[in-house]
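Trainee: here's a sequence, model it:
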Amino acid sequence: MNLTELEIPPEIVHKWQEIVNLLAEIAQVPAALIKKIEPPEIVVFVSSESEGNPYKRADRAFLETDLYGETVIKTRQPLLTPDALADEVWRSTPDFKLGMRSYLGFPLTWPTGDIFGTICILDSKPNAYSEIHRRLLQQFRDVVEADLKLLFERPQMEASLAQERNLLRTLIENLPDYIYVKDTESRFVLVNTAIVRQLGAATPDEVIGKTDFDFHPLELAQQYRADEQAICQSGQPLINHEEPTIHHLTGQMRWLSTTKVPLRDNQGRIVGLVGLNRDITERKQADERLRESEEKFRSLYTNTPVMMHSIDPDGRLMSVSNLWLESLGYERAEVIGRKSVEFLTPVSQKYAQEVVLPEFFRTGMCKNVPYQFIKKNGEIMDVLLSAIAEKDAAGKVARSLAVLVDVTDRKRAEEALRQEKIEREILISELEAKNAELERFIYTVSHDLKSPLITIRGFLGFVERAALAGNIGQMQADIVRIAKATDKMQQLLDELLELSRIGRLMNPPEAALLGDLAAEAVEMVAGRLAERGVEVTIAPDLPPIYGDRSRLRELLENLLDNAVKYMGHQPHPRVEIGVRRNHAEPIFYVRDNGMGIEPRYHQKVFGLFEKLNPQTEGSGVGLAIVKRIVEVHGGRIWIESDGVGQGSAFCFTLPSSASKV
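Mentor: Sure, this is the predicted structure:
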């Protein structure tokens, strides 16, 4: 491309003229110029219309003589000459001979980098030109170069535009859509091949200048015209409007998706409209078939004798079956749009949100998930849920299709069987424990009752011999021993009877303050306590308990009595009845500072007839009775002792309310 031959339009020349006039006025100089290279010359292309300007438009000079401009062009750099008179180099320049002593100029370049010429200001007196003048000249240089860029690109743009027009026309002609342009009177001014055929014409000339009244039934033509007049008057487009038409080749009614937009001229005035009609008959028919299919599916889904629901990607219910509503007791309007997890128990909600739903949206399915739903009336319904995902074109889950099976009755039956099995195992365990206890009991009773019987039998022989010998004193002594043996047997039998009654013969349970029971127990064994000089302390804050008041008092009496018997030679015997509260349940204790118990005997002492010290009074049944009373009340009992001489603490738990008995 020969850049020197590019024609510069008058409007740009006029614009540049205003620029140089403004430059001369602001800089207060006689001359502001735009020069253009036309080898071998440089031409004054635009000259300011300022007073004292010696330059005229179209003035020419050879490049080798225009030293100011020549220097700018060769160096491609701005040039500032404050005073040509001060430098012999510039005195021979034609500009100096015209009286221009100072110069400031910038090169002008095409987008290709080729030199167009220069833009400069000149003064008849010395002038160093301020920074403001330099910036101003630089900005106007940028404006002129922007115009040069437009001039350079215009031929390319026009060629590209022509190519685009040809491409657009080819596209319009070959599209199956009906494309047309109409004027404000709804006359066709441009049509493509598709609409020519649809209207039953052979060539575009048979359509141009005519209206829809020439091709369509009156009613359709009137509707088309009314829509188009509304567009031309309001300026509002008609987008994707579905409307019927008649195909002139087949005579069949077809459906169109019509878009019509206003067409405006350069001043923005509406001069017509552009229309595009797309035949959507097949889509409409497919939509109708799909609608009928969806209606059948919806009816089947809604009325199926199965609990079903569907959720969207946010977990909200999109649809539910009638049985789902009937089973949970809701109306459809109460559930649609709510999250499905809202109808689950808290445990099932957590399981669904943390495990099931993330896995379902990842894999697209789940099977036999156990959930608990809450009915509207508050009842719990157990279900097994299985679901598959319906995915969109991108492969993401669009909705679920879930089937729910009510297994409440089955779960109840399973729970009943499980509970029955547990109760049976507990009963068997209790029976085994009672049988083992009974075996130990029979063995112990047979052993301990045999001792007084042997004593009685032996001393009866002694009584017989003493009677035959007439030894009355000896006979009386033997009879006393026989009486003691029978007393011991009676005591054993009474205590065994008492032990057997615990758990079978009980007084009605009631609430009682352990502090009151402790005080009563201390009163009952006051004689033994006083005889041994034992100091008893009862904590003031003992909590209430619940059970058989008499048995609970007996529990404390036996523990106090046991503490006195095993106090040893403690010079200051003490017993403390208290409670520890730093546990899930209060722990009661009866603590003494007596003989203490080695850890290996902590369980043994609760056995029947077990006595760590055979010399102590009693039958060894007391602690067995204590253990039995605690266990019948649902509590536990154990010993805390660091060993011989360290004292002992009998710790136990008891219920505080009827629900724990």
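Trainee: now the strands for the stretch 1-150 of the chain?
Mentor: Using DSSP state E, counting those that start in this stretch, the strands of the stretch 1-150 of the chain run over residues 31-38, 41-47, 60-62, 79-81, 102-109, 115-123.
Trainee: neighbours of residue 345, how many?
Mentor: By other C-beta atoms under 10 Å, 15 other residues sit near residue 345. To be clear about C-beta, it is placed using only N, CA and C from the backbone, and glycine gets the same treatment.
Trainee: ranking the strands of the stretch 1-150 of the chain by mean pLDDT, which is last?
Mentor: Comparing mean pLDDT across the strands of the stretch 1-150 of the chain, the weakest is strand 60-62, with a mean of 87.
Trainee: show me what counts as buried in that one.
Mentor: Across strand 60-62, burial judged by 16 or more other C-beta atoms under 10 Å covers residue 61.
Trainee: same check on stretch 140-154?
Mentor: Those would be 140-141, 144-145, 147-148, 151-152, for stretch 140-154 by 16+ other C-beta under 10 Å.
Trainee: now stretch 350-369
Mentor: Using 16+ other C-beta under 10 Å as the test for burial, stretch 350-369 gives 351-352, 356-357, 360, 364, 366, 369.
Trainee: tell me the mean pLDDT for that stretch?
Mentor: Mean pLDDT, stretch 350-369: 93.
Trainee: now the end-to-end length of that stretch.
Mentor: With C-alpha to C-alpha, to the nearest Å as the measure, stretch 350-369 spans 13 Å from end to end.
Trainee: off-centre distance for it?
Mentor: 14 Å (C-alpha atoms, centre = their mean, to the nearest Å).
Trainee: could the buried residues of stretch 140-154 be laid out in CSV, adding pLDDT and distance to residue 112?
Mentor: Shown next, in CSV, are these (pLDDT from 0 to 100; distance: C-beta to C-beta, whole Å):
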residue, pLDDT, distance to residue 112
140, 95, 21
141, 95, 17
144, 95, 15
145, 95, 12
147, 93, 15
148, 93, 10
151, 88, 12
152, 87, 7
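Trainee: residue 242 against residue 279, yeah?
Mentor: No - in this structure, residue 242 is not within contact of residue 279 by C-beta atoms under 8 Å, at 11.3 Å.
Trainee: neighbour count for the two, which is higher?
Mentor: Per other C-beta under 10 Å, whichever of residue 242 and residue 279 has more neighbours is residue 279, with 18 against 12.
Trainee: just checking, that one touches residue 194?
Mentor: No - in this structure, residue 279 is not within contact of residue 194 by C-beta under 8 Å, at 9.0 Å.
Trainee: quick one: common contacting residues for the two?
Mentor: Shared contacts of residue 279 and residue 194, defined by C-beta atoms under 8 Å, 6 or more residues apart in numbering, comprise 176-178.
Trainee: list buried residues within those.
Mentor: Buried among the shared contacts of residue 279 and residue 194 by 16+ other C-beta under 10 Å: 177-178.
Trainee: which one of the shared contacts of residue 279 and residue 194 sits closest to residue 24?
Mentor: Residue 24 lies nearest to residue 177 out of these, by C-beta to C-beta, at 59.3 Å.
Trainee: sec struct for the residue nearest to that closest one when sequence neighbours are not counted, please.
Mentor: Using C-beta to C-beta, 6 or more residues apart in numbering and skipping the chain neighbours, the partner closest in space to residue 177 is residue 278 (4.9 Å). What DSSP: H, G, I helix; E, B strand; the rest coil gives for residue 278 is strand.
Trainee: distance of residue 278 relative to residue 215?
Mentor: 18 Å (C-beta to C-beta, to the nearest Å).
Trainee: cool, residue 61 as well?
Mentor: To residue 215, residue 61 is 71 Å away according to C-beta to C-beta.
Trainee: buried set for stretch 18-35?
Mentor: Neighbour-count burial for stretch 18-35, counted by 16+ other C-beta under 10 Å, picks out 19-21, 23-24, 27, 29-35.
Trainee: brain fart, stretch 69-83
Mentor: By 16+ other C-beta under 10 Å, the buried positions in stretch 69-83 come out as 69-73, 78-79, 81.
Trainee: which of the residues you listed lies closest to residue 543?
Mentor: For the buried residues of stretch 69-83, the nearest to residue 543 is residue 78 (101.7 Å; C-beta to C-beta).
Trainee: hang on, isn't residue 129 packed against residue 121?
Mentor: Yes - the pair residue 129 / residue 121 is scored as a contact, 7.5 Å apart, by C-beta under 8 Å.
Trainee: export the shared contacts of residue 279 and residue 194 to a markdown table and append columns for distance to residue 341, secondary structure and pLDDT.
Mentor: Converted to a markdown table, those look like this (distance: C-beta to C-beta, whole Å; DSSP: H, G, I helix; E, B strand; the rest coil; pLDDT from 0 to 100):
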| residue | distance to residue 341 | secondary structure | pLDDT |
| --- | --- | --- | --- |
| 176 | 49 | coil | 84 |
| 177 | 48 | coil | 88 |
| 178 | 52 | strand | 89 |
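Trainee: ok, so of the shared contacts of residue 279 and residue 194, who is nearest residue 586?
Mentor: The nearest member of the shared contacts of residue 279 and residue 194 to residue 586, counting by C-beta to C-beta, is residue 177 at 88.0 Å.
Trainee: quick one, what contacts that closest one?
Mentor: Contact analysis of residue 177 by C-beta under 8 Å, 6+ apart lists 194, 276-279.
Trainee: can you do 7 Å?
Mentor: Contact partners of residue 177, counting by C-beta atoms under 7 Å, 6 or more residues apart in numbering, are 194, 276-278.
Trainee: of those residues, keep whichever come out buried.
Mentor: Of the members of those, the ones counted as buried by neighbours, 16+ other C-beta under 10 Å, are 194, 276-278.
Trainee: ok, so of those residues, who is nearest residue 468?
Mentor: Checking the buried ones among the contacts of residue 177 one by one against residue 468 (C-beta to C-beta), the nearest turns out to be residue 278, at 141.0 Å.
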